[in-house]
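J.: fold the following and give me the result.
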Amino acid sequence: MSVTIREISPLAPEARLLLQASQALMRTLFPADENHYLDAEALAVPDVTFFGAEAEGALLGCVALKRHDGYGELKSLFVAPEARGLGLGQKLLAHAEARAEADGLLLIRLETGNKLFAASALYDRCGYRQRGPFGAYVANGSSVFFEKPLPAEGAVPR
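T.: Numbering: from 1, shown residues only. Presented below is the predicted three-dimensional model:
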């Protein structure tokens with residue numbers, strides 16, 4: 001299966017459906033006050049780039065890169081259930097990292113849930129290390145935080 005990852009609008013109908021599926025899963029796993037997902041409108045702002053993974057005309061996965069002062073944050077990494085096990089999560093992660101590096105960011109951070117075992121395993125495999133809360137996040141019973149430095153060659157700190 002040939003997969004294309006490209007920048008898309010989170011407001012597109014197929015992107016909204018994928019985001020809604022991700023958010024529905026999060027609501028079943030975590031208390032409302034410990035869910036930190038962003039809705040489509042919050043992902044459609046200038047400091048966020050939203051990517052979709054498509055194959056055979058279907059949107060199968062997504063990830064967003066949100067820019068902060070000094071680092072990028074990954075949001076909304078999700079692969080549709082029917083596409084799991086194909087390596088799309090790793091491809092989306094690598095694509096977002098490449099964009100962050102091209103944008104001159106030196107560090108990627110993310111928050112995920114402690115019950116998302118496959119996600120945490122993916123981040124471990126891809127060089128992310130656990131850390132404490134960052135930004136406006138606070139420690140709670142569900143959140144796990146990761147970060148990964150990006151290569152500094154040619155990068156301009158932001």
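J.: following element in sequence after the longest helix seen in the chain, please.
T.: Determined from DSSP state H, the single longest helix within the chain is helix 13-29. Reading on from helix 13-29 to the C-terminus, the next helix or strand found by DSSP states H and E is helix 40-43.
J.: from the contact counts, what lies against that next one?
T.: Packing partners of helix 40-43 (3 or more CB pairs under 8 Å, 6 or more residues apart in numbering; DSSP states H and E): helix 13-29. From N, CA and C alone the C-beta is placed, and that goes for glycine too.
J.: so how far is the helix it packs on from its chain's centroid?
T.: Its chain's C-alpha centre and that of helix 13-29 lie 13 Å apart, by CA atoms, centre = their mean, to the nearest Å.
J.: which other residues reach it?
T.: Helix 13-29 is touched from outside by 8-10, 35, 37, 39-40, 43, 50, 52, 58-59, 61-62, 76, 78, 80-81, 113, 115-116, with contacts defined as CB atoms under 8 Å, 6 or more residues apart in numbering.
J.: how about low-confidence regions in the chain?
T.: Applying pLDDT under 70 to the chain flags the ranges 152-158.
J.: in stretch 90-109, what counts as buried?
T.: By neighbour count on 16 or more other CB atoms under 10 Å, the buried set for stretch 90-109 is 91-93, 95-97, 99-101, 105-109.
J.: next: stretch 56-66.
T.: For stretch 56-66, using 16+ other CB under 10 Å, the buried residues are 59-66.
J.: do you have the strands of this protein handy? List them.
T.: Using DSSP state E, the strands of the chain run over 4-7, 48-55, 58-68, 71-79, 107-113, 129-131, 143-149.
J.: those into TSV, with extra columns for distance to Tyr137?
T.: Below are the strands of the chain laid out as TSV (distance: least, CB to CB, whole Å):
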stretch	distance to Tyr137
strand 4-7	26
strand 48-55	17
strand 58-68	12
strand 71-79	10
strand 107-113	6
strand 129-131	11
strand 143-149	6
